[in-house]
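> Dropping the sequence and predicted coords here.
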Amino acid sequence: MWGYRTKQFPGFYLSDSGYSLDWSLESPDDVAAAFTAHRLVLTTGALLARPIARERQLDPGLHDAALAAALAVVEARGVRGKDVTPVLLEEFARHSGGVSVQVNRDLVVANARLAGAVAHSLTSSAS
């Protein structure tokens, strides 16, 4: 697992989950080179963890309160398996007054931009 410009594994709405990563890659070209080298040795995929920018993350205090409330709802309803995620997202949105939805959108856009840049690097290096 690699971090994009980070050595800390991101928390979904937070830039840092508190868990470390062994590798940090600084550019889309670095990611493309690492993935190309990875594929020469292994047939598995690779995970690139990209944090939300600190200034765009959910306030950590709000995050912790929303998470506790959301997990309590999951437990109270007896939600299990694949049904947990939609409940958590709904509860985060409710508890944060919709702020978590904007944070999620910001992260999706940033991830799409990065994916496009990495794809461009991969195709440029293949030519």
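Thanks, I have it.
> where does this structure have low pLDDT?
For the chain, applying pLDDT under 70 flags the ranges 126-127.
> Sketch out the strands for it, chain order is fine.
2-4, 8-11, 14-20, 23-25, 48-49 (DSSP state E).
> now stretch 111-127, how far from the centre of its chain.
18 Å (C-alpha atoms, centre = their mean, to the nearest Å).
> Could you pull out the buried residues of it?
By neighbour count with 16 or more other C-beta atoms under 10 Å, stretch 111-127 contains the buried residues 114, 118, 121-122. The C-beta positions use only the backbone N, C-alpha and C, and glycine is treated the same way.
> And for stretch 46-65?
48-52, 57-58, 62-63.
> repeat for stretch 87-97
88, 91-93, 95-96.
> okay, these in TSV with distance to Val31 next?
Formatted as TSV, the buried residues of stretch 87-97 follow (distance: C-beta to C-beta, whole Å):
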residue	distance to Val31
Leu88	29
Glu91	33
Phe92	29
Ala93	31
His95	34
Ser96	31
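> what's the farthest-apart pair in the residues you listed?
Spanning the widest gap among these are Leu88 and Ser96, at 11.9 Å by C-beta to C-beta.
> Nearest to Asp106 among the buried residues of stretch 46-65?
The closest of the buried residues of stretch 46-65, once distances to Asp106 are taken by C-beta to C-beta, is Ile52, at 6.4 Å.
> quick one, what contacts the closest one?
10, 13-15, 103, 106-107, 110 (C-beta atoms under 8 Å, 6 or more residues apart in numbering).
> please redo it, this time with the cut-off set to 6 Å
15, 107 (C-beta atoms under 6 Å, 6 or more residues apart in numbering).
> Thanks a lot, catch you later.
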